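# structure here, sequence nowhere to be found:
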């Protein structure tokens, strides 16, 4: 078995959408194959991913190179990443889920997970992930990605927020 050049941890830090795809694709049996590649009967499963912008052109800058490497390592899986706008993301996902057309994987944020759980949009992952799958995570990271003891979204990035000071005192 050929292993990826990147560690799981490094790969997780590169991208939200494609990272989640690679992490879960190894853990979840694919549904029905989408198409036949013609490579000695190898079938390709397509996974729909919704991501949200972090650069001026995530499709070309982030996901095209990641998808190329991911597909080279997993030729039987194609990740189709659609970069969605941040505005209205919750409502669009609710509507897609209600219509039975939700993406397989999306870039969730901790402020949305409780509502997704309440609306039965998100799947708990405890029955799908093994201890080996979670070996790169600390207990605190697993706890932060869980609600009521159920793991819903493995963390893939951290953000530091704080109060900034411009040094101008009261002259602002």
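Looks like it arrived, so ask away. In this text the structure is predicted, and so the values were computed from the model without any measurement.
# from here on, just use CA atoms for contacts and neighbour counts.
Will do.
# roughly how far out does the longest strand along the chain sit from the chain middle?
Ranked by number of residues, the top strand in the chain under DSSP state E is strand 43-51. Mean-position distance between strand 43-51 and its chain equals 11 Å (CA atoms, centre = their mean, to the nearest Å).
# pLDDT below threshold where in the protein?
Under the criterion pLDDT under 70, the flagged ranges of the chain are 1-42, 169-172.
# which stretches of this protein form strands?
35-36, 43-51, 77-83, 105-106, 146-147, 150-151.
# show me what the longest strand of the chain is packed against.
Judged by 3 or more CA pairs under 8 Å, 6 or more residues apart in numbering; DSSP states H and E, the packing partners of strand 43-51 are helix 16-25, strand 35-36, strand 77-83, strand 105-106.
# and after that strand, which helix or strand comes next?
Read in the C-terminal direction, the helix or strand following strand 43-51 is helix 58, with elements assigned using DSSP states H and E.
# check what contacts that next one and list those residues.
With CA atoms under 8 Å, 6 or more residues apart in numbering as the test, helix 58 has contacts from residue 83.
# chain center to that helix, what's the gap?
Shown here is helix 58, whose average C-alpha point lies 14 Å from the average C-alpha point of the whole chain (CA atoms, centre = their mean).
# same check on stretch 117-133?
Centroid separation for stretch 117-133 versus its chain: 13 Å, with CA atoms, centre = their mean.
# check stretch 66-86 too.
Per CA atoms, centre = their mean, the displacement of stretch 66-86 from the mean C-alpha position of its chain is 11 Å.
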